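**Q** coords please:
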Amino acid sequence: MTEPSATALIFETTAAEECPGEFLGDSADIVYFISFAYSQRYGADHPLAKAAAVLKRRLGLNLAPLLTFGDARADSGDYERALEAIWQDAAPLAESARRVAEAIDQTPELRALTADFRELPDRLRELAEMADWAAQRGARVRLSYVI
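**A** You can find the predicted model right below:
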């Protein structure tokens, strides 16, 4: 069995109760994907950045909800304000995560580009389920990460 990495995605909601959903595996693949997807606009040449470009430009998927994230380790007032600013509506995040997972599963080029991150579609589907749960409660969500 592989040890989980120290890198993890943190999913939070404003719901009154705790979300019953969880990541059933290491969420680091999502952190790597969203990080490279964000950096692809700056010319990143990593396979995950290329996958994000295909998803966005060729397939026309809205990646913005997935790219609304921040570093969970706020160590100053500026970072704390930035973390407060990334709360978002849950439904668009659920839709984006679900559509990206489906596109990876159904597109040979995307499967090849994400081959080193085999659990990415499963983790994205789990994220979509958690965001759906939050949306059903009218809650907002926040994505942050630790490395």
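
**Q** Find the residue closest to Leu59 in space, skipping its chain neighbours.
**A** In this structure, Leu59 finds its nearest non-sequential neighbour in Ala103, 5.6 Å apart by CB to CB, 6 or more residues apart in numbering. Where you see a C-beta, it was placed from the backbone N, CA and C, and this is true even at glycine.

**Q** Return stretch 49-67 as PDB; C-alpha atoms alone will do.
**A** Extracted C-alpha coordinates of stretch 49-67, given in PDB (Å, rounded to 0.1, in the frame of the first residue of the first chain):
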ATOM      1  CA  ALA A  49      -1.000  21.900 -17.900                       C
ATOM      2  CA  LYS A  50      -1.400  20.500 -21.400                       C
ATOM      3  CA  ALA A  51      -4.500  18.500 -20.200                       C
ATOM      4  CA  ALA A  52      -6.000  21.700 -18.800                       C
ATOM      5  CA  ALA A  53      -5.400  23.500 -22.100                       C
ATOM      6  CA  VAL A  54      -7.300  20.700 -23.900                       C
ATOM      7  CA  LEU A  55     -10.100  20.800 -21.400                       C
ATOM      8  CA  LYS A  56     -10.500  24.600 -21.600                       C
ATOM      9  CA  ARG A  57      -9.700  25.400 -25.200                       C
ATOM     10  CA  ARG A  58     -10.600  22.400 -27.200                       C
ATOM     11  CA  LEU A  59     -13.500  21.000 -25.100                       C
ATOM     12  CA  GLY A  60     -14.700  24.300 -23.800                       C
ATOM     13  CA  LEU A  61     -15.000  23.300 -20.100                       C
ATOM     14  CA  ASN A  62     -15.200  25.900 -17.400                       C
ATOM     15  CA  LEU A  63     -12.200  25.200 -15.100                       C
ATOM     16  CA  ALA A  64     -12.700  28.500 -13.100                       C
ATOM     17  CA  PRO A  65     -14.400  26.800 -10.100                       C
ATOM     18  CA  LEU A  66     -11.500  24.300  -9.800                       C
ATOM     19  CA  LEU A  67      -9.000  27.100 -10.100                       C
END
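
**Q** ok, and what's touching that stretch?
**A** 33-34, 36-40, 88, 92-93, 95-97, 99-100, 103-104, 107, 109-110, 113-114, 143 (CB atoms under 8 Å, 6 or more residues apart in numbering).

**Q** Using the three-state scheme, assign the residue nearest to Leu59.
**A** Classification of Ala103 using DSSP: H, G, I helix; E, B strand; the rest coil returns helix.
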